[in-house]
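Novice: Predicted model follows, preceded by the sequence.
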Amino acid sequence: ALLLLDFQEQSTIVELKKMLLTTVSSPLYIKHPEGRKIIAFLFQLDVSLVKDLNHSIKAQIPLAKSVYLEAYGEIYLAAWKLAAENKSALDESQNESTILERISDIDREENYRSEIQDAIEDALQNLMFASLHAPSPHMAKAILAVLEPLHSYKKNPDVDSR
């Protein structure tokens with residue numbers, strides 16, 4: 001049902017967006033793998049929501065326990081992988097259908113998926129920048145803890161192909 005929402009229509013989506021953003025700070029979502037999957041899925045819905053989710057997570061980092069920092073890193077990794085998979089799946093479906101019947105829909109969808117993936121990568125770059133320019137060693141260490149799952153994943157052969 002979340003995929004059917006129009007996130008561009010701000011007047012109708014404001015309250016729901018606030019509720020979705022509270023999941024980022026909820027221990028019930030962060031502690032459980034299913035909750036982390038839901039948050040990673042939220043990153044796929046809209047570019048502006050990606051930015052808002054990133055902002056909400058960054059607000060939690062200074063006071064978060066190390067378990068939560070690791071969970072945030074897993075969420076970012078899952079969101080990034082999901083965006084890349086969605087873009088790959090779209091490329092495959094583009095090859096399977098006739099060009100005339102889906103060209104405008106595919107172009108629109110491909111641009112949108114690419115924008116979401118770019119927004120997630122921008123959020124990650126923003127975290128990397130913040131770790132380098134953190135006001136305190138504690139904050140830098142906390143941000144690096146969030147980035148650790150992504151750093152560990154870089155050894156995966158799939159990373160270079162994206």
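Specialist: Received, thanks. Numbering: from 1, shown residues only.

Novice: Name the helix or strand for the closest residue to Glu148 other than its chain neighbours, please.
Specialist: Leaving aside its sequence neighbours, Glu148 sits nearest to Gly73 (C-beta to C-beta, 6 or more residues apart in numbering; 5.5 Å). Quick note: C-beta positions are derived from backbone N, CA and C, even for glycine. Taking DSSP states H and E as the definition, one finds Gly73 inside helix 66-96.

Novice: quick one: the helices in the chain?
Specialist: 10-22, 27-31, 33-42, 47-60, 66-96, 99-132, 137-153, 158-161 (DSSP state H).

Novice: Export those to JSON lines and append columns for distance to Leu2.
Specialist: Below are the helices of the chain laid out as JSON lines (distance: least, C-beta to C-beta, whole Å):
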{"stretch": "helix 10-22", "distance to Leu2": "8"}
{"stretch": "helix 27-31", "distance to Leu2": "15"}
{"stretch": "helix 33-42", "distance to Leu2": "8"}
{"stretch": "helix 47-60", "distance to Leu2": "10"}
{"stretch": "helix 66-96", "distance to Leu2": "14"}
{"stretch": "helix 99-132", "distance to Leu2": "14"}
{"stretch": "helix 137-153", "distance to Leu2": "24"}
{"stretch": "helix 158-161", "distance to Leu2": "27"}
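
Novice: Mind telling me which of the ones you listed the model trusts least?
Specialist: Lowest mean pLDDT of the helices of the chain: helix 158-161, a mean of 57.

Novice: quick one on the thing from earlier: show me the one of the helices of the chain that comes nearest Leu3.
Specialist: Comparing the helices of the chain against Leu3 with C-beta to C-beta, the closest turns out to be helix 33-42 (9.5 Å).
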